[in-house]
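Trainee: Okay, structure incoming, though there's no sequence with it:
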């Protein structure tokens, strides 16, 4: 699985901001389509919000001993990727993870 660490350049004005681009094609036109979180604040379980509504799964195992929040994005060309914030041992990392199944232009109903 392709993983790229997300960075915000030091030249960004305060508050530090960066522009999110598709890690596959570098397209600037990306839109969030889902949100999920696992094991927040030491609680077991997972929550997902997407076009189908809100789902809770209290039986989901913790994420590698920490917690994670993921926002799934789709670019204009249909590539899917997740911006994941993961906290383990008092440290938080940000990474983008390319999903292996791009949406096609023939599926206009999907967000």
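Mentor: Structure's in. What do you need? No experiment lies behind these values; they were computed from the predicted model shown.
Trainee: Which element is encountered next along the chain beyond the helix or strand of the chain with the lowest mean pLDDT?
Mentor: In the chain, no helix or strand scores lower on mean pLDDT, DSSP states H and E than strand 3-5, which sits at a mean of 46. Next in sequence after strand 3-5, counting helices and strands by DSSP states H and E, comes strand 30-38.
Trainee: Just the residues contacting that following strand, thanks.
Mentor: Contact partners of strand 30-38, identified using C-beta atoms under 8 Å, 6 or more residues apart in numbering, comprise 20-22, 45-51, 60, 62-63, 67-76, 80, 110-111. The way it works is simple: take the backbone N, C-alpha and C, and place the C-beta from them, glycine included.
Trainee: Drop anything exposed from these.
Mentor: 21-22, 46-48, 63, 67-75, 80 (16 or more other C-beta atoms under 10 Å).
Trainee: So which of those residues sits lowest on pLDDT?
Mentor: Among the buried ones among the contacts of strand 30-38, residue 63 carries the lowest pLDDT, at 66.
Trainee: Tell me who's in contact with residue 70.
Mentor: 35, 36, 37, 82, 83, 84, 85.
Trainee: how does it look with 7 Å?
Mentor: For residue 70, the contact set (C-beta atoms under 7 Å, 6 or more residues apart in numbering) comprises 36, 82, 84.
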